[in-house]
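Novice: can you look at this prediction? I've put the sequence above it.
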Amino acid sequence: MTLPHDLTPLLALAESPAGSPVEYVIGGMVLTGADRETAAQLIADDAMAIACGKAPVLDWWRERRNGGEPHTGKRQQIVQTYVGIAFGSPGQVVNDDHVQGHVAELLWNRVVSERSVCRDGRQLVRAHPVKADPLEPGGDGLIIYRRADGVLVFRLWEIKKHETQSPVSATINRASKQLSERGAEYLAKLAGPETLETDGELGGLYADMVELWFDRSDRAGVGVSIGTSSGREPKQPLAFRSIKTAFPEFATSAQTEGIVVAIPDFPGFAERVKEIVWSGL
């Protein structure tokens, strides 16, 4: 199976409306038909690539997904172990909310990884992949950029799925509060291990990251990403204002960001991703 390189063109992302205090992008509302299936295939493949890393089990899973012979014996157990981290199995089903939350994270992972240059000229240096296990505690996303002046900066993200009748702004508010209350802890967990193997300028950023966070430095910033169904996307330009309320010290527009991926029947899309992952068992 040959998959396209990028997801972003399929989402038809648009910029936030005038009057929004936080810059964000929104898309996915017209994701249907063959494009929807392609997107689901991409996200399923990403999920397994993140879970498996460089282990040969990724190739085994892909071979089976592409119509190869069923796994047997020890190989079947190994593939099941990796698949089960986030998606369970036909005989051990996991909570739908957890699967949907993980798919929301994987969608964010794709969008930020494909955005090599931001509106303010920042260039992508490193996008930390999301966790293989959506239930693992800690920060959801960490991105490193180089500003136009050459300085390395970072953005800490919180990612949520939204499938309630309440306005999406309520979920954004919850994510903003979580970043405000636990952001330093999240950064310590994410950045600390990186200092063991990363030297030079980037290693220095990781070493200083928590201090920069407490200083509310212009090198720090935050983002909230939402995975939801079309029709639940923000309707008002102030939907993301809770980020500014939680982080008033982040004065420049580039220090607060948002992403909304609103797919027709988001739970159904997440279920299709799970089916594709299971097809590699």
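Specialist: Looks like it came in fine.
Novice: for S89, give me its contacts.
Specialist: 80, 83, 278, 281 (C-beta atoms under 8 Å, 6 or more residues apart in numbering). From N, CA and C alone the C-beta is placed, and that goes for glycine too.
Novice: now the buried members of these.
Specialist: The neighbour-count test (16 or more other C-beta atoms under 10 Å) marks 80, 83, 281 as buried among the contacts of S89.
Novice: out of these, flag the one nearest to N173.
Specialist: Distance to N173 across these (C-beta to C-beta) is lowest for V83, with 34.3 Å.
Novice: and the closest one, what element?
Specialist: helix 73-87 (DSSP states H and E).
Novice: got the contact list for that helix?
Specialist: 47-48, 51-52, 55, 57, 60-61, 64, 70-71, 89, 92, 94, 98-99, 102, 132-134, 274, 277-278, 280-281.
Novice: and what of stretch 46-64?
Specialist: 1, 45, 70-71, 75, 78-79, 82-83, 85-87, 102, 106, 109-110, 129-132, 273, 277, 279-281.
Novice: ends of that stretch, how far apart?
Specialist: 16 Å (C-alpha to C-alpha, to the nearest Å).
Novice: could you pull up the mean pLDDT of that stretch?
Specialist: Averaging pLDDT along stretch 46-64 yields 97.
Novice: buried ones in that stretch, by neighbour count?
Specialist: Applying 16+ other C-beta under 10 Å to stretch 46-64 flags 46-48, 50-52, 57-58, 60-62, 64 as buried.
Novice: which of those sit farthest apart?
Specialist: So, the buried residues of stretch 46-64 by C-beta to C-beta: farthest apart are I50 and R64, at 18.1 Å.
Novice: out of the buried ones among the contacts of S89, which one sits closest to E15?
Specialist: Closest to E15 out of the buried ones among the contacts of S89 is V83 (37.0 Å), distances taken as C-beta to C-beta.
Novice: check the spacing between the closest one and V111 real quick.
Specialist: V83 sits 24 Å away from V111, taking C-beta to C-beta, to the nearest Å as the criterion.
Novice: next, V222: phi, psi?
Specialist: Dihedral pair for V222: phi -140, psi 160, per degrees, to the nearest 10.
Novice: and what of T228?
Specialist: With angles defined as degrees, to the nearest 10, T228 shows backbone torsions of phi -160, psi 180.
Novice: what number of residues lie near it?
Specialist: If you count neighbours by other C-beta atoms under 10 Å, T228 ends up with 24.
Novice: going forward, count from 452.
Specialist: Noted, 452 is the first residue going forward, which turns the last one into T679.
Novice: let me know the pLDDT of the residue lying closest to it once chain neighbours are set aside.
Specialist: In this structure, T679 finds its nearest non-sequential neighbour in H613, 4.1 Å apart by C-beta to C-beta, 6 or more residues apart in numbering. Per-residue confidence (pLDDT) for H613: 96.
Novice: number of residues surrounding H613?
Specialist: 24.
Novice: got it, and A658?
Specialist: A658 has 14 nearby residues by other C-beta under 10 Å.
Novice: so for the top helix by length along the chain, what gets flagged as buried?
Specialist: Of all segments of type helix in the chain, defined using DSSP state H, the longest is helix 619-642. By neighbour count on 16+ other C-beta under 10 Å, the buried set for helix 619-642 is 619-620, 622-624, 626-627, 629-631, 633-635, 637-638, 641-642.
Novice: which helix or which strand is home to G678?
Specialist: Using DSSP H and E, G678 maps to strand 673-680.
Novice: what mean pLDDT does that strand have?
Specialist: Here the average pLDDT along strand 673-680 is 98.
Novice: tell me the angle that strand makes with helix 619-642.
Specialist: Orientation of strand 673-680 against helix 619-642 (axes from the mean of the first three to the mean of the last three C-alpha atoms, to 10 degrees) gives an angle of 130 degrees.
Novice: so what are the sheet partners of strand 673-680 and their directions?
Specialist: strand 603-613 (parallel), strand 707-714 (parallel) (DSSP bridges).
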